[in-house]
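Participant: Below is the sequence, then the predicted model.
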Amino acid sequence: MPSSIERKLAAIMFTDIAGYTALSSTNENRALKLLDKQEQILTPIIEEFNGTLHNRVGDGLLFTFPTVTDAIKCGIKIQKETKEVEDLNLRIGIHEGEITLKNGDALGDDVNVASRIDPFAAEGGIVISGKVQQNISSLPEFKTKFISEPLLKGVRQEVKVFCIISHGLPETDITKVTAKLEKDVQKLWFNQKSIIAAIAVLSILIIGSLLWISKNNWWIDDISDNSLDSHLVYIGSPENWIGSFKEDITLANYLETNIGFEVYELESEQLDIIRIEVESHLLNEFYKQNIEVKMLASNDEIEFMKNAFESNEFENDHEIAIATSEHFEKSTSIIFLMIYAIKDINNTIVQYFVNIALRRLPGWDTMDASELLDTKKINDEIYDGIVFFIKSISKNKLSGYVTKVDGNIIYINPGGLDLRKNMNLYGYNLYNLHDKDSDGLTDKDSDWKEQVDDWQRAIGIINESNDYSKTEIERINQIYSTLTQDSLSKVYRGQYYGENSYSLKVSEVIDTTVIAKLVSLDNPWVEIRAGDLIRLK
């Protein structure tokens, strides 16, 4: 394990500024000055109580302390000193647990607990976890009140939340956080008449809406834009997949020019470290957004994924994605990130090879990318890749598609994409192989013939060119061979390939029609057609 990594027990404090997002959208200069004012006030107080600042996440700050009492006393003084500062309305969450320190950052599940309970604090108030409450229960100077045992997003452990009601601190108004209190909802129904009334009104509205939707033949699925986007992430290094990844163009070309270099799976300890750090960054990245990211990292989860990738039960990663979603929880997508070490003849790691594939469920909609990464940038690059994939489908839930082609001018229906002038886009030829008679074999229909023609044209071009590597040529020939065999049993829907893609730039947006210009074809055999898939670049 690298010497820069340290694990220890600590009191963890997370602070954020209530209303900061709204302030920054209306008065950015005021918001930035408020951050400077916050640091000016908090720095000497944190030092007084032996605290350490680790992470900054927008207006949120993460500190650790050697003891729980240090953290609480520090929090109380912070709220006292900031009480009269305009717009500096702090909420504070405190938890105790094991943290992982790496390069100054504090990581781990217990760090996430502190950040997740923070929103339960009143403005100017402090909330603590049940673990902290137990530690101070024998100290009469601190008085607390139980709030709830919520289900915290991205947190595996059960956590009880209390607020401190002594030292002039405001008590949490339970009616303002009921949307987050899942385990205590029955208790709230009996104790909060206002909530009952609100639920009754909401029920009437929902029933009325459903009746209206039914009357007008709307599909309920079409009004789900505000639903939670849930993404499962698995980071692994299955040994039996190394052979298939060696056929990847990027990796194959690298190995061809570096004789003696070999690909190896990562040790479980190194994978654990990567998962911890990446998960922490992901939770911070999507904090307070309608996006949930769950890293598959517990022993049971890793064992399930290991068996899925090593067994012969599943034919490909799409089937594994379906099985994973059914086993754990329904999700918007599953991201598989496979990482391998490339070692030289001295057994020294010189590069990492990473393949990241996103499977949007329940369909075949996919994103895929492979890259060689420098050993010093591995965690940041992995994190950036996952964030890019998640934002690509969460911020733009539906892809656009080509409606008309007029030379180099492409007309696009943007679908769920929010497109603006001068934005860069990717286009993909979209293929479908059907089995309409359900005999288990692909129909040799017009969709199939279109794909065969494309790959036949590709083979004709690459055979007359010196611009393609042996690996690229073999891959294209293999696709064509598979498509033209007598019994084609794999049925793909909405499949697209990186070779058959192109780049566009938006030139004009008129109502619901987007006009784009062709920038380049990724390969000379690519033909742009109506129905092609469009994504953000």
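Facilitator: Yep, that arrived.
Participant: Chain neighbours aside, what residue packs nearest to Ile345?
Facilitator: Gly260 (4.3 Å; CB to CB, 6 or more residues apart in numbering). The C-beta positions use only the backbone N, C-alpha and C, and glycine is treated the same way.
Participant: Helix, strand, or coil at that neighbour?
Facilitator: The three-state label given to Gly260 by DSSP: H, G, I helix; E, B strand; the rest coil is coil.
Participant: That one: neighbour count?
Facilitator: When neighbours are counted by other CB atoms under 10 Å, Gly260 registers 9.
Participant: Domains in this protein, by residue range?
Facilitator: Here the domain parsing of the chain from automatic domain parsing is 5-182, 192-223, 229-394, 400-536.
Participant: Would you single out the least confident of those domains?
Facilitator: Ranked by mean pLDDT, these bottom out at domain 192-223, with a mean of 42.
Participant: tell me the residue furthest from the middle of this protein?
Facilitator: The C-alpha centroid of the chain is most remote from Pro140, which lies 43.4 Å away (CA atoms, centre = their mean).
Participant: Which secondary structure state is assigned to that one?
Facilitator: From three-state DSSP, the assignment for Pro140 is coil.
Participant: How many residues are close by Asp272?
Facilitator: Neighbours around Asp272, by other CB under 10 Å: 16.
Participant: How about Asn316?
Facilitator: Asn316, neighbours per other CB under 10 Å, totals 10.
Participant: Repeat that for the one 4 residues further on.
Facilitator: Other residues within reach of Ile320 by the criterion other CB under 10 Å amount to 20.
Participant: check contacts around it.
Facilitator: Contact partners of Ile320, counting by CB atoms under 8 Å, 6 or more residues apart in numbering, are Ala308, Phe309, Phe314, Phe336.
Participant: In contact with Met338, which residues are there?
Facilitator: Gly236, Ser237, Pro238, Trp241, Phe245, Val354, Asn355, Ile356.
Participant: What separation do you get for the fifth one and Asn500?
Facilitator: Right, the one you point to is Phe245. Separation of Phe245 from Asn500 (CB to CB, to the nearest Å): 21 Å.
Participant: More neighbours: these two, which one.
Facilitator: Asn500 (22 against 18).
Participant: What's the separation between Tyr428 and His434?
Facilitator: 19 Å.
Participant: out of these two, which sits in the busier spot?
Facilitator: A direct count of neighbours by other CB under 10 Å for Tyr428 and His434 places Tyr428 higher, at 23 against 15.
Participant: Would you confirm that that one contacts Arg529?
Facilitator: No - using CB atoms under 8 Å, Tyr428 is not in contact with Arg529; the gap is 10.6 Å.
Participant: Is it correct that Gln289 falls within a helix?
Facilitator: No - judged by three-state DSSP, Gln289 forms no part of a helix; its state is coil.
Participant: burial measure for it, as a count.
Facilitator: Neighbours of Gln289 (other CB under 10 Å): 13.
Participant: same deal with the one 5 residues further on?
Facilitator: Burial of Lys294 is recorded as 21 neighbouring residues (other CB under 10 Å).
Participant: Surely Glu499 is in contact with Tyr468?
Facilitator: No - at 9.9 Å, Glu499 and Tyr468 do not qualify as touching, with contact defined as CB under 8 Å.
Participant: Looking at these two, which one has more neighbours?
Facilitator: Each of Glu499 and Tyr468 has its neighbours counted (other CB under 10 Å); Glu499 has more, 21 against 18.
Participant: Compute the distance between that one and Glu472, please.
Facilitator: For Glu499, the distance to Glu472 - CB to CB - is 8 Å.
Participant: residues near the closest residue to Leu61 other than its chain neighbours, how many?
Facilitator: What sits nearest to Leu61 in space, not counting adjacent residues and going by CB to CB, 6+ apart, is Thr15, at 4.9 Å. Other residues within reach of Thr15, judged by other CB under 10 Å, total 25.
Participant: just Ile235 next, same as before
Facilitator: 25.
Participant: got the phi/psi numbers for it?
Facilitator: phi -110, psi 120 (degrees, to the nearest 10).
Participant: Now do the same contact list for the residue nearest to Leu361 when sequence neighbours are not counted.
Facilitator: Excluding the flanking residues, the one nearest Leu361 by CB to CB, 6+ apart is Ser325, at 5.4 Å. Going by CB under 8 Å, 6+ apart, Ser325 touches Leu232, Ser331, Ile334, Leu361, Pro362.
Participant: 10 Å - rerun?
Facilitator: Ser230, Leu232, Ser331, Thr332, Ser333, Ile334, Arg359, Leu361, Pro362 (CB atoms under 10 Å, 6 or more residues apart in numbering).
Participant: Same question for Lys306.
Facilitator: Gly236, Pro238, Ser268 are the contacts of Lys306 under CB under 10 Å, 6+ apart.
Participant: Make sure the second one is actually in contact with Phe309.
Facilitator: Yes - applying CB atoms under 10 Å, one finds Pro238 in contact with Phe309, separated by 4.1 Å.
Participant: Pull up the overlap in contacts between the two.
Facilitator: In contact with both Pro238 and Phe309: Phe336, Met338, using CB under 10 Å, 6+ apart.
Participant: circling back to that earlier point, whichever of the contacts of Ser325 end up buried, select them in ChimeraX.
Facilitator: The buried subset of the contacts of Ser325, as determined by 16 or more other CB atoms under 10 Å, is captured in ChimeraX by this line:
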select :230,232,331,332,333,334,359,361
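Participant: for the contacts of Ser325, which one is nearest Glu81?
Facilitator: Ser230 (39.5 Å; CB to CB).
Participant: does that closest one sit in a helix or strand, and which one?
Facilitator: If you go by DSSP states H and E, Ser230 is part of strand 229-236.
Participant: so Leu62 bridges to which residues?
Facilitator: Taking DSSP bridges as the rule, Leu62 bridges to Phe14, Asn55.
Participant: Quick check: it touching Thr15?
Facilitator: Yes - in this structure, Leu62 is within contact of Thr15 by CB under 10 Å, at 8.2 Å.
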